[in-house]
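K.L.:
Quick one, fold the following:
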Amino acid sequence: MYKVFVGNKPIILTTVVEKETYFKNYLLATVNIKKVIRKLNTTNLEEVRLIHKNKDKLLKKFLNKLPNVIAGGGKVYNDKGAVLFIYRNNKWDLPKGKVERKEAVEKAAIREVTEETGVSGLEITKPLDTTYHIFKRNGRYKIKITYWFEMKTQYTGKLQPQESEGISKVTWLNNKEIKEALSNSYANIKSLI
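P.N.:
Model (predicted):
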């Protein structure tokens, strides 16, 4: 099973057909994905489930429905155990960005965290879950596939929000502050934390 978010509402990719209640089932092979996105954005429908018989082909078949944007990002810890957050478009988020042509996703994740926050000396400690969300750019829907990595750093210097990317704040948050920030964040970020 996979979750692909449209805003805070999930599209669930699954092989299991259940009786519809707060959600609607569609066959993945024949679904009109743009209509599904509109329904999620404009009705009180809580989620959509896209059904396909072969669990090994679920994600690949879904990703063929829209153009893909590959990104890398980091959940960065400092020596005090605080996590690095950015504030962009009036929401708390983790730093991430688009992978350049022929760039390894790990290198992209480190580069993007540094560009968006000013933090250097980053070291990847382990891969985290990959997240999927649908966004609209220039009138076209796309699927952003973000490969996340847990990182650590001993950086204690000045944090520098990348204002050209709409980032207004960068800060280290402790567990209590993270809980508060997640009340104004994205569903896929909440699933990572």
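K.L.:
Pull up the pairing partners for the lengthiest strand in the chain, direction included.
P.N.:
Assignment by DSSP state E gives strand 123-137 as the longest strand of the chain. Note on strand 123-137: by DSSP bridges, its sheet partners are strand 2-6 (parallel), strand 140-152 (antiparallel).
K.L.:
Return the most buried member of those strands.
P.N.:
Highest mean neighbour count of the strands paired with strand 123-137: strand 2-6, a mean of 21 (counted as mean count of other CB atoms under 10 Å). Where C-beta positions appear, they are placed from N, C-alpha and C, glycine not excepted.
K.L.:
List of residues touching that strand?
P.N.:
Contact with strand 2-6 is made by 10-13, 37, 40-41, 58-59, 62, 131-134, 143, 186-188, 191, as judged by CB atoms under 8 Å, 6 or more residues apart in numbering.
K.L.:
what residues does the next helix or strand after it touch?
P.N.:
Where DSSP states H and E defines the elements, the next helix or strand beyond strand 2-6 is strand 9-14. Among residues not part of strand 9-14, those counted as contacts by CB under 8 Å, 6+ apart are 1-5, 23, 28, 36, 40, 45-52, 58-59, 62, 134, 187.
K.L.:
Let's see which of those end up in helices.
P.N.:
V36, L40, L58, L59, F62, A187 (DSSP state H).
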